[in-house]
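Visitor: Kindly return the folded structure for what I paste below:
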Amino acid sequence: MSDHDNLPVMVWEGKSSVLRARTLIMRREPLILEMSKSFGIDVDAGECGCRTVDNGRHFLGCDPKCTLSLLADTNHLPALASLGDAAEQAGLLVDLDRALARIIIYN
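Guide: Reported below is the predicted structural model:
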């Protein structure tokens, strides 16, 4: 798994998080979205082009549009899908830390 220790962490707080995250994404700046512990972070790794490591604890190199759209649908957060569109447009990828409910968006 890549070292993400130096990336900024943003706790998901709804609409305000979307605006801040979208700004960073459009600048191609990496970030970590820390979701609530109740956030459903399961996606079909194969469907979204993810590699799985650590016995499925981490999904790496996922397609951002696919991944964030599925997570948006699962969690009833349509704004999250818009971040997937922005990340795809910016040429970024997504990793998922399923144990910590974290979405890592990076180049």
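
Visitor: what's the distance between the closest residue to Gly84 other than its chain neighbours and Thr74?
Guide: Spatial nearest neighbour of Gly84, excluding adjacent residues (C-beta to C-beta, 6 or more residues apart in numbering): Leu68 at 2.9 Å. The way it works is simple: take the backbone N, C-alpha and C, and place the C-beta from them, glycine included. Look at Leu68 and Thr74: by C-beta to C-beta, to the nearest Å, they are 11 Å apart.

Visitor: ok, those two, which is more surrounded?
Guide: Between Leu68 and Thr74, counting by other C-beta atoms under 10 Å, Leu68 is the more crowded of the two (28 against 14).

Visitor: after the worst-scoring helix or strand of the chain on mean pLDDT comes which helix or strand?
Guide: Ranked by mean pLDDT, DSSP states H and E, the weakest helix or strand in the chain is helix 15-26, scoring a mean of 93. Sequence-wise, the next helix or strand downstream of helix 15-26 (DSSP states H and E) is strand 31-34.

Visitor: Who are the packing partners of that following strand?
Guide: Counting contacts by 3 or more C-beta pairs under 8 Å, 6 or more residues apart in numbering; DSSP states H and E, strand 31-34 packs against strand 9-11, helix 15-26, strand 102-106.

Visitor: Show me what the shortest one is packed up against.
Guide: Counting contacts by 3+ C-beta pairs under 8 Å, 6+ apart, the secondary-structure elements packed against strand 9-11 are helix 15-26, strand 31-34.
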